[in-house]
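Enquirer: fold the stuff below for me.
(2 chains)
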Amino acid sequence: DVKVTQSSRYLVKRTGEKVFLECVQDMDHENMFWYRQDPGLGLRLIYFSYDVKMKEKGDIPEGYSVSREKKERFSLILESASTNQTSMYLCASSKRGSEKLFFGSGTQLSVL
Amino acid sequence: SQQGEEDPQALSIQEGENATMNCSYKTSINNLQWYRQNSGRGLVHLILIRSNEREKHSGRLRVTLDTSKKSSSLLITASRAADTASYFCATVLSGGSYIPTFGRGTSLIVHP
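Expert: Below is the predicted model:
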């Protein structure tokens, strides 16, 4: 079974802090994704990556950046956290050419 | 951008009853997927139906797709308390990338 591991289940940060959310997958998937999930809004795509060192903006990239230095790892970076970035962050991966996503358990981030 | 929209937003039934959730979308799709999310966790892929398919089964799940009406339904037969979760449809557009776009979800509660 594919395993997508997110480094933290819960995270509390202060406004203005730089925040790193880490995601690792163990099935050699080419594609990796970061979504955020908010009540009533569903899942919205922040960034995705088709390959190492590649990144593409999703629907809501403002205030975020990403890094993919290794195939198995995809990091989401909040350069200067703000309260409106309080959310559940979900990482996912998929094999090239496949539309089926495998998700991590999520990181609930609170920015105070 | 939100492509699929689930209906109803919330559904409450008794164990043993059938649960039906619907998803409507706006533009032509390559495929439609359904995912389940248990409270506070990541999403789990349930089933994928392609645009040239009309019905698919997986265990107690039955998915239909009507491309003329741009809609899909997910039927869970003989529901169990363990089916309590949120259910999301996700669409992959025709001629586009392989990235699913998620709806806002249906929250299902199955009472024992």
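Enquirer: what's opposite the spatially most central residue of chain A in the beta bridge?
Expert: When CA atoms, centre = their mean is applied to chain A, the residue found nearest the centroid is A:W34 (3.0 Å). Bridge pairing for A:W34 (DSSP bridges) gives the partners A:Y47, A:C91.
Enquirer: contact partners for it?
Expert: A:21, A:23, A:45-48, A:58, A:64, A:66, A:74, A:76, A:89-91 (CB atoms under 8 Å, 6 or more residues apart in numbering or on different chains). C-beta here means a position set from N, CA and C on the backbone, and glycine is covered the same way.
Enquirer: now do 6 Å
Expert: For A:W34, the contact set (CB atoms under 6 Å, 6 or more residues apart in numbering or on different chains) comprises A:46-47, A:76, A:91.
Enquirer: so what's the residue count around the nearest residue to B:T27 once chain neighbours are set aside?
Expert: Nearest non-adjacent residue to B:T27, counting by CB to CB, 6 or more residues apart in numbering or on different chains: B:L93, 6.1 Å away. Residues near B:L93, counting by other CB atoms under 10 Å in any protein chain shown, number 18.
Enquirer: how about B:A81?
Expert: Neighbour tally, B:A81, other CB under 10 Å: 11.
Enquirer: and the pLDDT for the residue nearest to it when sequence neighbours are not counted?
Expert: Among residues not flanking B:A81 along the chain, B:P112 sits closest, at 4.5 Å (CB to CB, 6+ apart). At B:P112, the model reports a pLDDT of 93.
Enquirer: with adjacent residues omitted, what lies nearest to A:S87?
Expert: In this structure, A:S87 finds its nearest non-sequential neighbour in A:R36, 4.5 Å apart by CB to CB, 6+ apart.
Enquirer: quick one: find the helix or strand in chain B with the lowest mean pLDDT.
Expert: The weakest-scoring helix or strand in chain B, judged by mean pLDDT, DSSP states H and E, is strand B:5-7 (a mean of 87).
Enquirer: now it: buried residues?
Expert: B:5-6 (16 or more other CB atoms under 10 Å in any protein chain shown).
Enquirer: what about it and chain A, any contact?
Expert: No. Strand B:5-7 does not reach chain A (CB under 6 Å from any CB of the partner chain); its nearest approach is 8.7 Å.
Enquirer: direction included, what does that strand pair against?
Expert: Strand B:5-7 is paired, per DSSP bridges, with strand B:19-24 (antiparallel).
Enquirer: who's in contact with the partner strand?
Expert: B:4-7, B:11, B:13, B:71-76, B:79, B:87, B:89, B:106, B:108.
Enquirer: cool, and stretch A:7-19?
Expert: Counting by CB under 6 Å, 6+ apart, A:22, A:78, A:80-81, A:107-112 sit against stretch A:7-19.
Enquirer: helix, strand, or coil at residue 62?
Expert: Defaulting to chain A. Following DSSP: H, G, I helix; E, B strand; the rest coil, we place A:E62 in the coil state.
Enquirer: not what I meant, chain B
Expert: strand.
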